[in-house]
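Undergrad: Next input, structure requested:
(one chain, ligands or ions: 3)
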Amino acid sequence: MTRNAPKADIDEAQLEVSKPKDWAAGVPGVAVSLLRSVEQMGTGRTVRTLRLLNQRHGFDCPGCAWPEPQQSDGEHRKLAEFCENGAKAVAEEATKRRVGPEFFAAHPVSELAGRTDYWLGQQGRLTEPMVLREGGTHYEPIAWDDAFALVAGQLRALSSPDEAIFYTSGRTSNEAAFLYQLLVRSFGTNNLPDCSNMCHESSGAALTEATGIGKGSVSLADVHHADVIVVVGQNPGTNHPRMLSALEEAKAGGAKVIAVNPLPEAGLMRFKNPQSPRGVVGKGTALADEFAQIRLGGDLALFQAIGHLLLSWEDAAPGTVLDHDFIDGSSHGFEDYAKHLREIDWAAVDEATGLAREQIVRIARMIADSQRTVYCWAMGVTQHKHAVATIQEITNVALLRGMIGKPGAGLCPVRGHSNVQGDRTMGVWEKMPETFLASLESEFGIPVPRKHGFDTVDAIRAMRDGLGKVFIGMGGNFAAATPDSELTERALRACELTVQVSTKLNRSHVVHGRTALILPTLGRTERDVQAGGQQFVTVEDSMSSVHSSHGRLRPASPHLLSEVAIVCRLAGKLLGEDHAVPWRAFERDYDLIRDRIARVVPGCADYNARVRQPDGFVLPHPPRDSREFRTGTGKANFTASELEFPQVPEGRLLLQTLRSHDQYNTTIYGLSDRYRGIEDARRVVLVHAEDIAELGFADGEIVDLVSEWADGDRRAEQFRVVAYPTARGCAAAYFPEANALVPLDSVARKSNTPVSKAVVVRLEHRS
Ligand SMILES: Nc1nc2c(c(=O)[nH]1)N[C@H]1C(S)=C(S)[C@@H](COP(=O)(O)OP(=O)(O)OC[C@H]3O[C@@H](n4cnc5c(=O)[nH]c(N)nc54)[C@H](O)[C@@H]3O)O[C@H]1N2
Ligand SMILES: Nc1nc2c(c(=O)[nH]1)N[C@H]1C(S)=C(S)[C@@H](COP(=O)(O)OP(=O)(O)OC[C@H]3O[C@@H](n4cnc5c(=O)[nH]c(N)nc54)[C@H](O)[C@@H]3O)O[C@H]1N2
Ligand SMILES: [Mo]
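TA: Numbering: from 1, shown residues only. Ligands and ions are numbered 1, 2, ... in the order given. Have a look, this model is predicted:
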């Protein structure tokens, strides 16, 4: 399968390469964000908007899921509790540009399909519901009522509810997510794939087995008070910039930071805080005390080696390294794990990690000496074939030293989308536990299906095979975010109907089913007024803290409906006005939805009152709160896994697909990957200079990337080779351009997450 480069709305020849930076944030960060905001919104709106971002009576930043400081932690919010990329996320939504009916009349869908995600996103906010009729060439306006009738009609015509797929992206509020899953289950299916299937699913799977709960166990205060923070497979300078403030604060208290990454990401090296005088002048704060430049997929081997060292030091001086109270009292499986790791294949560790033995020993020593360790990780860990085992290996090391359920310590999977964790809490998952489904059933008196639904990868397979016929996306950009672009696009095109509830134009609108609908919705920044008055919504951050978010800006168009209203009106048409669920009342007054959340969702009792507290409330987390582990063994489980790492044939590279500094997933804000020194182009592949030479290529040469998989090659055309200080044998290219190379069947064991960080590729000269 070949993926041609799109029409040239980005002139890739403009590429400028400079030396990667070794520090992040600081004054240029804020300057860049203000510039972009003013470009999109004008000056007045920029000032008004940014003043409301992440403040108690403002809206939650639609950027990442990193928490805001809380009063209860003894913390206070700075006036500007946002970062460069948060400001860009808001500018993208609060832009004054519009995509209305005239736009669609002027551009046939066939033309739009040839555009980049960058160009599509730049056109502005969607303003009216639009339909693409079967055989049509252009989207045309449609009344809301007719749109809902069309969807309901198609859904009812299916031979089984399981032929419909209901995707969610993690920006959806708790209220909308709760109603959406209720609608889907009332209709009769659990087909609720979400972006989390491609994201932290591996963390959920690993932690549920090991600790009994799929969420992280730390608070922001724990990060501040840790004495060692390990950051594995994460680029916080770009993707969670406010995390840098937390690292800086911890360092001011004497903490050490260990960064494990194939790339020397600027945000891991040095930080200049734009909100402190130190950040404006001077060199800022050095972040990583140890930077381990690991090979892609080598983390399992690294953490096994660390575990092995801790065990052998304990053997040499009993009682000095391990936390026996924790191990004896609160854990299970230690003996098997210890037996498994007493011997280790150091040659395999060397090959897997590419790290010097002394450095591994130094890191293990820091971990052995630390009294309060926090382990953070993100996509560099979760998007591998052996991701679940790797996360369990990190957990093993934490358990050896009892680093869970005590202040300043714990496990911290750093989530992506601002409400991806909340959507799961609210029931958006294809395999919610029986207790939740039973509780939903008794609360509403409706039958709830029990058969597990499709996750993202299985949903693509179902559409490819004709088993999935209607696709509905509650946000997100399924066509561009998923793996194996050519195959996925064919799968979507085979659908009878595709429906996208969106704020902005994206690829999923132009890669469509036989009939297609665009349903434009309010963004998080916008006022949401219903018959019952002005509404607010709630969200949950990466540290299980739930709070309210109040949209304040004038909606992009008077025709927009909130996500809640869209779900309720579709439900009315699909399930009938006499349905057991009071959809109309829910649309009028979101407090009524929250009353039901309180009764159905564990830990949410008294929801309406508690989300109205200044900082909201924190959901219960048994391991964090009381070292209680609701696993099969009733203890925290050690896991013994084989040492495993990606195998790369001669003459090939291992490719990771990652984010630039100027994008939000498939939304491309601009063309400046500032910290990496890549400007004005995106079709680049970063390769170590010596690998470029050894493979017989030249820096700056344009190549095709060809991924190799059992069912055949996949080719992505025209990428420019850029010499870059990555780990040897490894390469990097941007997502979503490189998604064409990720085979659909290359997935993580147990979590079914696409392996986006280890694609075996060869470079090919273009003749
Ligand atoms: N501005 C902005 N913010 C975002 C997003 C965005 O696109 N833009 N996306 C949001 C979302 S949904 C998510 S999930 C998060 C993503 O946040 P990240 O996980 O930081 O995102 P990636 O760009 O995928 O970066 C992966 C990092 O892991 C490293 N890495 C890759 N493979 C390996 C490996 O095998 N081992 C190790 N140790 N490191 C590895 C890469 O070099 C890179 O630094 O960010 C969220 N925040
Ligand atoms: N190769 C590769 N693939 C990856 C990844 C990778 O690292 N490499 N990362 C994966 C990860 S971690 C994730 S999370 C997924 C992301 O997958 P998605 O969540 O599906 O993708 P996004 O690009 O975040 O979705 C952007 C679209 O959401 C819509 N939108 C924005 N705000 C709102 C809102 O408030 N409401 C509604 N209804 N719509 C809104 C806009 O129309 C916008 O175009 O991609 C995954 N894919
Ligand atoms: Mo994500």
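
Undergrad: ok, is stretch 392-407 in contact with ligand 1 or not?
TA: No: where contact is defined by CB under 6 Å from any ligand atom, no part of stretch 392-407 touches ligand 1; the two come within 10.4 Å at best. Just so you know, the C-beta spots here come from the backbone N, C-alpha and C atoms, and that holds for glycine as well.

Undergrad: list the buried ones in that stretch?
TA: Residues of stretch 392-407 classed as buried by neighbour count (16 or more other CB atoms under 10 Å): 392-406.

Undergrad: and if you look at stretch 694-714?
TA: Buried residues in stretch 694-714, counting neighbours by 16+ other CB under 10 Å, are found at F697, I702, V703, D704, L705, V706, S707, W709, R714.

Undergrad: Out of the buried residues of stretch 392-407, the closest to ligand 3 would be?
TA: Of all those, ligand 3 sits closest to I394, with 18.6 Å by CB to the ion.

Undergrad: what's that closest one in contact with, if anything?
TA: Shown in contact with I394 (CB atoms under 8 Å, 6 or more residues apart in numbering): V230, V232, D299, F303, Y375, W377, V381, L411.

Undergrad: Recalculate using a threshold of 7 Å.
TA: Under the criterion of CB atoms under 7 Å, 6 or more residues apart in numbering, the neighbours of I394 are V232, F303, Y375, W377.

Undergrad: Now flag whichever of these is closest to A246.
TA: Within those, proximity to A246 (CB to CB) peaks at Y375, which comes in at 14.2 Å.

Undergrad: Nearest residue to the closest one in space, please, no chain neighbours.
TA: Nearest in space to Y375, with sequence neighbours left out and distances taken as CB to CB, 6 or more residues apart in numbering, is V230 at 4.9 Å.

Undergrad: Tell me how far that neighbour lies from G297.
TA: Here the criterion is CB to CB, to the nearest Å. By it, V230 lies 17 Å from G297.

Undergrad: more crowded one of these two?
TA: Neighbours were counted for V230 and for G297 using other CB atoms under 10 Å; G297 has more, 30 against 27.

Undergrad: Please name the residues that touch that one.
TA: With contacts defined as CB under 7 Å, 6+ apart, G297 is in contact with H384, F645, P646, A758.

Undergrad: Could you rerun that using 10 Å?
TA: Contacts here follow CB atoms under 10 Å, 6 or more residues apart in numbering; on that basis G297 touches 233, 262, 352-353, 380-381, 383-387, 390, 644-648, 654, 656, 730, 755, 757-758.

Undergrad: Over to T137?
TA: Contact analysis of T137 by CB under 10 Å, 6+ apart lists P108, V109, S110, E111.

Undergrad: okay but F629 is in contact with T211, surely?
TA: Yes: assessed by CB atoms under 10 Å, F629 is found in contact with T211 at 5.7 Å.

Undergrad: higher neighbour count, those two?
TA: Relative neighbour count places T211 above the other of F629 and T211, with 31 against 22, counting by other CB under 10 Å.

Undergrad: Next, count neighbours for the nearest residue to that one once chain neighbours are set aside.
TA: Sequence neighbours aside, P623 is the residue nearest to T211 in space, at 4.9 Å (criterion: CB to CB, 6+ apart). One way to gauge burial is a neighbour count; for P623, by other CB under 10 Å, it gives 23.

Undergrad: Just the buried residues of stretch 130-143, please?
TA: M130, V131, L132, H138, Y139, P141, I142.

Undergrad: from memory the first one sits against G100, does it?
TA: Yes: counting by CB under 10 Å, M130 does reach G100; the two are 9.2 Å apart.

Undergrad: and for the two, which residues touch both?
TA: With the criterion set as CB under 10 Å, 6+ apart, the overlap between the contacts of M130 and G100 is P141, P520.

Undergrad: residues from this protein in reach of ligand 2?
TA: By the criterion of CB under 6 Å from any ligand atom, the positions of the chain lying close to ligand 2 are 169, 171, 195, 198-199, 379, 383, 416-417, 474-478, 481, 501-504, 506, 521, 523-524, 563, 657-658, 665-667, 735, 738-739, 742, 756.

Undergrad: now, which of those residues lie close to ligand 3?
TA: With CB under 5 Å from the ion as the criterion, the residues of the chain next to ligand 2 include C199, G416 near ligand 3.

Undergrad: Can you pull out the low-pLDDT segments for the stretch 151-300 of the chain?
TA: Across the stretch 151-300 of the chain, residues meeting the criterion (pLDDT under 70) sit at 273-283.

Undergrad: For it, which segments are assigned as strands?
TA: For the stretch 151-300 of the chain, the strands defined by DSSP state E, counting those that start in this stretch cover 164-168, 228-232, 256-260, 270-272, 285-286, 288-292.

Undergrad: What strands line up against the fourth one, and which way round?
TA: With DSSP bridges as the criterion, the sheet partners recorded for strand 270-272 are strand 24-25 (parallel), strand 285-286 (antiparallel).

Undergrad: Now render these as a markdown table, adding distance to S245 and mean neighbour count.
TA: Written out in a markdown table, the entries for these read as follows (distance: least, CB to CB, whole Å; neighbours: other CB atoms under 10 Å):
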| stretch | distance to S245 | mean neighbour count |
| --- | --- | --- |
| strand 24-25 | 9 | 28 |
| strand 285-286 | 10 | 16 |
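
Undergrad: Mind putting those into CSV with distance to H579?
TA: CSV is the format used below for those (distance: least, CB to CB, whole Å):
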stretch, distance to H579
strand 24-25, 50
strand 285-286, 56
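
Undergrad: Which of the ones you listed sits closest to ligand 1?
TA: When those are compared for distance to ligand 1 using CB to the nearest ligand atom, the nearest one is strand 24-25, at 11.9 Å.

Undergrad: average model confidence for the closest one?
TA: Mean pLDDT, computed over strand 24-25, is 72.

Undergrad: Up against ligand 3, what does the stretch 101-250 of the chain have?
TA: Counting by CB under 5 Å from the ion, the residues of the stretch 101-250 of the chain near ligand 3 are C199.

Undergrad: where along the stretch 101-250 of the chain do the helices fall?
TA: Listed in chain order, the helices of the stretch 101-250 of the chain (DSSP state H, counting those that start in this stretch) span 101-106, 109-112, 117-122, 144-157, 174-187, 201-211, 220-225, 236-239, 241-252.

Undergrad: Determine which of these approaches A164 most closely.
TA: A164 sits nearest to helix 144-157 of all the helices of the stretch 101-250 of the chain, at 5.7 Å, using CB to CB.

Undergrad: distance between that closest one and the chain's centre?
TA: 31 Å (CA atoms, centre = their mean, to the nearest Å).

Undergrad: Taking the stretch 251-400 of the chain, what residue is nearest to ligand 3?
TA: Counting by CB to the ion, the stretch 251-400 of the chain gets nearest to ligand 3 through M379 (6.8 Å).

Undergrad: In this structure that residue contacts A748, no?
TA: No: the pair M379 and A748 fails to qualify as a contact (CB under 10 Å) at a distance of 11.6 Å.

Undergrad: Cross the buried residues of stretch 130-143 against strands and list the overlap.
TA: Restricting the buried residues of stretch 130-143 to those inside strands, with DSSP state E as the criterion, leaves M130, V131, L132, P141.

Undergrad: Looking at those, which is nearest ligand 2?
TA: For those, the closest approach to ligand 2 (CB to the nearest ligand atom) belongs to M130, at 13.2 Å.

Undergrad: Roughly how far does the spatially closest residue to the closest one that is not a sequence neighbour sit from ligand 2?
TA: Excluding its sequence neighbours, the residue lying closest to M130 (CB to CB, 6+ apart) is Y139, at 4.0 Å. Here Y139 is placed at a distance of 15 Å from ligand 2 (CB to the nearest ligand atom, to the nearest Å).

Undergrad: what's the answer for L643, then?
TA: Between L643 and ligand 2 the distance is 25 Å, computed by CB to the nearest ligand atom.

Undergrad: The closest residue to ligand 2 within the chain: what secondary structure?
TA: Using CB to the nearest ligand atom, the point where the chain gets nearest to ligand 2 is G476, with a distance of 2.6 Å. Using DSSP: H, G, I helix; E, B strand; the rest coil, the secondary structure recorded for G476 is coil.
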